[in-house]
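In: Sequence first, then the predicted structure:
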Amino acid sequence: MLETFTIATFAGQEGTTFRLALASGVALEATLLQVTSLSAKGPSGEELPRKRVPFSLQFRVASPDRFEQKTYTVEHAVIGKFALFLVPIGREGDGYRCEAIFT
């Protein structure tokens, strides 16, 4: 399923809630903060051919505990259920900012 996702899949979903399932059965809420197009350039600055435009997703995850870098089962009302590898990139109040990159 992830291979079919493009930046358009997530465009318009900023500010919406995604649910991350934990092995314990608890679900964390994650708000999509930002959808960003990324560059696909080689070392000489030339555009590299890609099947899709690379992009990143940044979320804010409400988690009072440590947030682990790993693959989560994610559910969203519009997009559906899918697996997503998330990396924490910073602590924010009572949660974490995390990121997923699609190349």
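Out: That came through, no problem. Residues are numbered from 1 along each chain as shown.

In: could you pull out the strands for the protein?
Out: For the chain, the strands defined by DSSP state E cover 17-21, 27-37, 55-62, 70-76, 80-92, 95-102.

In: Serialize the ones you listed to a markdown table and add fields for distance to Thr9, mean pLDDT and mean neighbour count.
Out: Just so you know, the C-beta spots here come from the backbone N, C-alpha and C atoms, and that holds for glycine as well. What follows is the strands of the chain, written out as a markdown table (distance: least, C-beta to C-beta, whole Å; pLDDT from 0 to 100; neighbours: other C-beta atoms under 10 Å):
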| stretch | distance to Thr9 | mean pLDDT | mean neighbour count |
| --- | --- | --- | --- |
| strand 17-21 | 12 | 96 | 18 |
| strand 27-37 | 9 | 95 | 16 |
| strand 55-62 | 9 | 96 | 20 |
| strand 70-76 | 10 | 96 | 16 |
| strand 80-92 | 10 | 95 | 14 |
| strand 95-102 | 9 | 96 | 19 |
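
In: can you list those in CSV and add distance to Phe5?
Out: Listed next are these as CSV, based on distance: least, C-beta to C-beta, whole Å:
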stretch, distance to Phe5
strand 17-21, 13
strand 27-37, 11
strand 55-62, 9
strand 70-76, 11
strand 80-92, 8
strand 95-102, 6
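
In: Which among those strands is found nearest to Thr4?
Out: Go through the strands of the chain one by one with C-beta to C-beta and the one that ends up closest to Thr4 is strand 80-92, at 9.8 Å.

In: would you put the C-alpha positions of the closest one in PDB?
Out: Below are the C-alpha coordinates for strand 80-92, written out as PDB (Å, rounded to 0.1, in the frame of the first residue of the first chain):
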ATOM      1  CA  GLY A  80      -7.400   4.000   5.900                       C
ATOM      2  CA  LYS A  81      -5.100   1.600   7.700                       C
ATOM      3  CA  PHE A  82      -1.500   1.100   6.800                       C
ATOM      4  CA  ALA A  83       2.000   0.600   8.300                       C
ATOM      5  CA  LEU A  84       4.300   3.600   8.600                       C
ATOM      6  CA  PHE A  85       7.900   3.900   9.900                       C
ATOM      7  CA  LEU A  86       8.100   6.900  12.200                       C
ATOM      8  CA  VAL A  87      11.200   8.600  13.600                       C
ATOM      9  CA  PRO A  88      11.100  11.000  16.500                       C
ATOM     10  CA  ILE A  89      12.800  14.300  15.700                       C
ATOM     11  CA  GLY A  90      12.100  16.300  18.900                       C
ATOM     12  CA  ARG A  91      10.200  16.500  22.200                       C
ATOM     13  CA  GLU A  92       7.300  19.000  22.300                       C
END
